[in-house]
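> return a 3D structure for these sequence lines:
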Amino acid sequence: MSIAGTMALVDTAFDDDAIARCSATIREHSKSFSMASRLLPQPARDEAVVLYAWCRYADDAVDEAPPGMAGAALARLEAELDSIYAGEPQSDPVLAAFQQLVQRRNIPKLYPAELVAGMRMDVEDTRYPDEETLLLYCYRVASTVGLMMCHIMGLRRTDALHQAAHLGVAMQITNICRDVAEDWGRGRRYLPADLVVREGLRPAPEAPVGGAELPDVTLRPFARVIVALLDRADGFYRSAHGGFMALPWQSALACEAAGRIYRDIGRVIAAQDHDPSAGRAWTTKGRKLWLAARALASTAAGIPRRIWLRLRGRGIAPPTTVLSFADMNRLGALPLPPPTDRELDR
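Okay, the predicted model is just below:
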């Protein structure tokens, strides 16, 4: 769908105190995202930390709500979004900076609203009967962030929005596969019920409210589901890789580095025999630096084509359409091929 009802764009500088607070948030809560964001050019770097800070603000508002008050926290987030998009003054520095970002980059309201809807799925204990429901959740809590980043970084072609959404799905599936035991302890089971049943557990067990350790009977079936989901995530990672050429080179480098680092978590999970009780999988700092270097080499190899595309007039601009979940290409196991020259000329 096209972006309608655009706001008057502003390009004033962010408040220094707001940027400092947003930067501290990203350093504290996401070392991988913080590392990748440092590869972005200015002003995209500041805009990325503002976006991350708002996402963290929203997440904390729900996770840290008193018992029984998560629904009220979600309602407050929805009201704040209405206020932000109405252009009303914001007293909180994170909300004020996010409003400025929304106005500066014309970020569609659908994306942050869908992110909040994904948080509501957690609060309302939504069951995940099949992959489609899981993909909806991944789109809401992860793809929407990538789609907002597209407004910050700009694209050469609008169809690359699908590949940006695929990167978000892939990374969220990786998170889910890494955190099976931790999520179970929080009373959540994201593994789709149809896959769990296929692997021999009938019916698919739901995580107990109040949390508990994973029962031994679930370990091998859950491990096989993790194998299937990581394979599905690999399809989305491959598809996402085909979209990096649509980004400015520094943004492409940051996104490819982030994707490689997250995908590497799957390698660690496999080394643990996909055992959900084996402990949290993580990538060492040295490994992250090596993966970032590989992303740099890959990006550098594409410089001649980037020059050619620029000479052909394929410039970088914010997206002019909105990608909803209903419109997102969900054939992640079948990577989208790079566009042909004819398609680029359309």
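
> my guess is residue 229 contacts residue 178. True?
No: Residue 229 is beyond contact range of residue 178, at 10.7 Å (criterion: Cβ atoms under 8 Å). (Glycine included, C-beta is placed from N, CA and C.)

> which intervals of the protein have sub-threshold pLDDT?
Residue ranges of the chain with pLDDT under 70: 1-39, 331-346.

> how close does the residue most central in space within the chain sit to residue 66?
The chain has residue 142 as the residue nearest its centroid, 2.8 Å off, counting by Cα atoms, centre = their mean. Distance, residue 142 to residue 66, by Cβ to Cβ, to the nearest Å: 27 Å.

> what number of residues lie near residue 318?
Using other Cβ atoms under 10 Å, the number of residues around residue 318 comes to 17.

> cool, the one 10 residues further on as well?
Residue 328 is flanked by 20 other residues according to other Cβ under 10 Å.

> report the contact partners of it.
Remark: with contacts taken as Cβ atoms under 8 Å, 6 or more residues apart in numbering, residue 328 is in contact with 139, 143, 162, 165.

> closest to residue 121 among those?
residue 139 (10.9 Å; Cβ to Cβ).

> would you say that closest one is within a helix?
Yes: the assignment for residue 139 by DSSP: H, G, I helix; E, B strand; the rest coil puts it in a helix.

> which residue is the nearest non-sequential neighbour of it?
Excluding the flanking residues, the one nearest residue 139 by Cβ to Cβ, 6 or more residues apart in numbering is residue 325, at 4.5 Å.

> what's the burial count for the one you found?
So residue 325, with other Cβ under 10 Å, has 19 neighbours.

> sec struct for it, please.
Recorded secondary structure, residue 325: coil (three-state DSSP).

> from residue 114, how far out is it?
7 Å.

> okay, and the common contacts of these two?
Common neighbours of residue 325 and residue 114 are listed as 139-140 (criterion: Cβ under 8 Å, 6+ apart).

> buried residues in the helix or strand harbouring residue 225, which are they?
Per DSSP states H and E, residue 225 falls inside helix 216-241. Buried residues in helix 216-241, counted by 16 or more other Cβ atoms under 10 Å: 218-230, 232-241.

> circling back: residue 48: which of the contacts of residue 328 is nearest?
Residue 48 lies nearest to residue 143 out of the contacts of residue 328, by Cβ to Cβ, at 16.1 Å.

> does the closest one really touch residue 164, like I thought?
Yes: using Cβ under 8 Å, residue 143 is in contact with residue 164, at 7.4 Å.

> compare the two (neighbour count), which wins?
Neighbour totals were compared for residue 143 and residue 164, and residue 143 leads with 31 against 26 (other Cβ under 10 Å).

> in helices only, show me the contacts of residue 328.
162, 165 (DSSP state H).

> so which pair among the contacts of residue 328 is furthest apart in space?
Greatest spatial distance among the contacts of residue 328 (Cβ to Cβ): 139 and 162, at 11.2 Å.

> those two - which one has more neighbours?
residue 139 (27 against 22).

> who touches that one in this structure?
For residue 139, counting by Cβ under 8 Å, 6+ apart, the contacting residues are 114, 118, 165, 168-169, 325, 328.

> residue 195 now?
131, 225, 228-229.

> could you rerun that using 6 Å?
Going by Cβ atoms under 6 Å, 6 or more residues apart in numbering, residue 195 touches 225, 228.

> quickly find the element holding it.
Counting by DSSP H and E, residue 195 is part of helix 193-198.

> mind listing what's buried along that helix?
For helix 193-198, by 16+ other Cβ under 10 Å, it's 193-196.

> next, the residue nearest to residue 139: phi, psi?
The phi and psi values for residue 325, taken as degrees, to the nearest 10, are phi -60, psi -40.

> before we move on, what about residue 275?
Per degrees, to the nearest 10, the backbone of residue 275 is at phi -80, psi 110.

> how about it, nearest residue that isn't a chain neighbour?
Residue 275 sits nearest to residue 223 (Cβ to Cβ, 6+ apart), 5.8 Å away.

> in this structure the one you found contacts residue 274, no?
Yes: counting by Cβ atoms under 6 Å, residue 223 does reach residue 274; the two are 4.1 Å apart.

> okay, now residue 87: neighbour count?
Residue 87 has 12 nearby residues by other Cβ under 10 Å.

> I misspoke; the intended subject was residue 284.
That count, for residue 284 with other Cβ under 10 Å as the rule, works out to 10.
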